[in-house]
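> Generate coordinates for the sequence data below:
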Amino acid sequence: MLSLSKGELLPNLSLSYYNQKLGTETGFWGMELGLGIPFWFWGAQSGNIRASGYELQIASNKKQYLEKK
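Model (predicted):
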């Protein structure tokens, strides 16, 4: 969960290609390259990272408690 939250800070890259037909003519192809940058770069994402860290700490504490019990 923590690594997923940190991964949300990274830009989203996409690459796609396609082959299409226009009317009766075929053989048209193209490519698309996309770059998505998080709009609220540090605001909400840093909160999600902090919350994931707390959840990891809580789970670790529960595990230690159950092992001692």
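> Helices of this structure, start to end?
2-7, 43-68 (DSSP state H).
> Going by mean pLDDT, which of those helices comes out lowest?
Per-stretch mean pLDDT for the helices of the chain is lowest at helix 2-7 (a mean of 59).
> gap between Lys20 and Thr26?
For the record, residue 20 is Gln, not Lys. Separation of Gln20 from Thr26 (CB to CB, to the nearest Å): 8 Å. To be clear about C-beta, it is placed using only N, CA and C from the backbone, and glycine gets the same treatment.
> Touching both of those two, which residues are there?
Common contacts of Gln20 and Thr26 (CB atoms under 8 Å, 6 or more residues apart in numbering): none found.
> Look at Glu8 and report its pLDDT.
The model reports Glu8 with a pLDDT of 67.
> What sits closest to Ser14 if chain neighbours are left out?
Nearest in space to Ser14, with sequence neighbours left out and distances taken as CB to CB, 6 or more residues apart in numbering, is Gly34 at 4.0 Å.
> and the gap between Glu32 and Ser16?
For Glu32, the distance to Ser16 (CB to CB) stands at 5 Å.
> one step back: so for the residue nearest to Ser14, what's the pLDDT?
Value listed for Gly34 in the pLDDT field: 91.
> and if you look at the one 3 residues further on?
The per-residue pLDDT reported for Ile37 equals 78.
> Same check on the one 5 residues further on?
Confidence per residue is given as pLDDT, and for Trp42 that number is 57.
> Now do the buried residues in stretch 11-19.
For stretch 11-19, burial by neighbour count (16 or more other CB atoms under 10 Å) applies to no residue.
> Thank you kindly, that will do.
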